[in-house]
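Q: no sequence for this one, just the structure:
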């Protein structure tokens, strides 16, 4: 990910979160939980993590970003989001495979919503 991609990356994370997670968990996900995610997915938050020890990779098609993965400290998948209209097309699988090449440990962890467990 380049700095020029940050706005698009943030938008994909928020759209995918809203579509796949917030809608599914609307009865149990608090407003505080939604705000917390919005803060994590904010452009300035991505910029800070990108300048640290987190690797952020994007999937592009014809110059348009369709998905992102964030690998924290080479050992934890912190985010994996695909544009809602491009989900279930292998983009996440390709991003995960690419990110694992940068892993610094043999076992990479992830904390995922129940609805996303099958993707991993």
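A: Structure received. These numbers were taken from a predicted model, which means no experiment stands behind them.
Q: And the contacts of the one helix or strand in the chain whose mean pLDDT sits lowest?
A: One helix or strand of the chain scores below all others by mean pLDDT, DSSP states H and E: helix 31-40, with a mean of 84. Defining contact as CB atoms under 8 Å, 6 or more residues apart in numbering, one finds that helix 31-40 is touched by 14, 17, 22, 45, 79. From N, CA and C alone the C-beta is placed, and that goes for glycine too.
Q: So which bits of that helix are buried?
A: Counting neighbours by 16 or more other CB atoms under 10 Å, one finds that the buried residues in helix 31-40 are 34, 37, 40.
Q: List the beta-bridge partners for the closest residue to residue 9 other than its chain neighbours.
A: Distances taken as CB to CB, 6 or more residues apart in numbering put residue 68 closest to residue 9, at 4.9 Å, once the chain neighbours are dropped. Note on residue 68: beta-bridge partners by DSSP bridges are residue 58, residue 81.
Q: ok, now which ones touch residue 68?
A: Contacts of residue 68 (CB under 8 Å, 6+ apart): 1, 9, 12-13, 56-59, 79-81, 95.
Q: Of those residues - the most surrounded one?
A: residue 81 (26 neighbours; other CB atoms under 10 Å).
Q: show me the contacts for that one.
A: 12-13, 16-17, 67-68.
Q: ok, those residues vs residue 86, which is closest?
A: Nearest to residue 86, judged by CB to CB, of these is residue 67 at 6.8 Å.
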